[in-house]
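S.K.: Predicted model, plus sequence, below.
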Amino acid sequence: MDNIKIEATERSPKIDFNFAANTFSLSGESYPEDISELYGPVMQALKEHLGSQEGANITFDFELIYFNSSSAKILMGLFDILDTAAEDNQVVVNWHFESDDDNMEELGEEFGEDLENATFNMVPKD
């Protein structure tokens, strides 16, 4: 599968999916005009790829500064995909946040609580 690399815009995050290395990241802000246009193909590719993995080491880094409620729904779906993949793989999710950003810290903690199989790490930045 071809890697996906989409540069950040004013309203959408940088998306960097390296399928061969099983490393994935979202960073920046997420409040795109058309949420399904941005995330639909990316989520489908990730779901297909992770569904074909067994015994793999998978890392997903989230380094979001801001996201809206539509993006939060996408993130919940992403976490579901990752948690399902963690049934047959070693999945590590890293939630990066500014150490003084209580809101993003709380959101990360909430997302992490919903994961049953994946390892979730809170990663504060100074």
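M.R.: Okay, I see it.
S.K.: only C-alpha atoms for contact and neighbour calcs from this point on.
M.R.: Fine.
S.K.: Adjacent strands (with direction) for the longest strand seen in the chain?
M.R.: In the chain, taking DSSP state E as the definition, the longest strand is strand 57-67. Strand 57-67 has the following sheet partners, assigned by DSSP bridges: strand 23-30 (parallel), strand 90-98 (parallel).
S.K.: Serialize those strands to a markdown table and add fields for distance to Gly51, mean pLDDT and mean neighbour count.
M.R.: Listed next are the strands paired with strand 57-67 as a markdown table, based on distance: least, CA to CA, whole Å; pLDDT from 0 to 100; neighbours: other CA atoms under 10 Å:
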| stretch | distance to Gly51 | mean pLDDT | mean neighbour count |
| --- | --- | --- | --- |
| strand 23-30 | 15 | 98 | 19 |
| strand 90-98 | 13 | 98 | 20 |
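S.K.: Take the ones you listed and write them to a markdown table, including distance to Gly55.
M.R.: Formatted as a markdown table, the strands paired with strand 57-67 follow (distance: least, CA to CA, whole Å):
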| stretch | distance to Gly55 |
| --- | --- |
| strand 23-30 | 15 |
| strand 90-98 | 7 |
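S.K.: Glu87 belongs to a strand?
M.R.: No. Using DSSP: H, G, I helix; E, B strand; the rest coil, the assignment for Glu87 is coil, not a strand.
S.K.: Compare the strands paired with strand 57-67 and give me the one nearest Asp2.
M.R.: Comparison of these against Asp2 by CA to CA identifies strand 23-30 as nearest, at 12.9 Å.
S.K.: what's in contact with the closest one?
M.R.: Residues outside strand 23-30 that contact it (CA atoms under 8 Å, 6 or more residues apart in numbering): 8, 10-18, 58-68, 71.
S.K.: change it to 10 Å
M.R.: Identification of contacts with strand 23-30 by CA atoms under 10 Å, 6 or more residues apart in numbering yields 3-18, 46, 57-72, 92-94, 96.
S.K.: Leu82: neighbouring residues, count only.
M.R.: Per other CA atoms under 10 Å, the neighbour tally for Leu82 reads 27.
S.K.: need the contact list for it.
M.R.: Contacts of Leu82 (CA under 10 Å, 6+ apart): 46-47, 50-51, 58-60, 76, 89-93, 115, 117-119.
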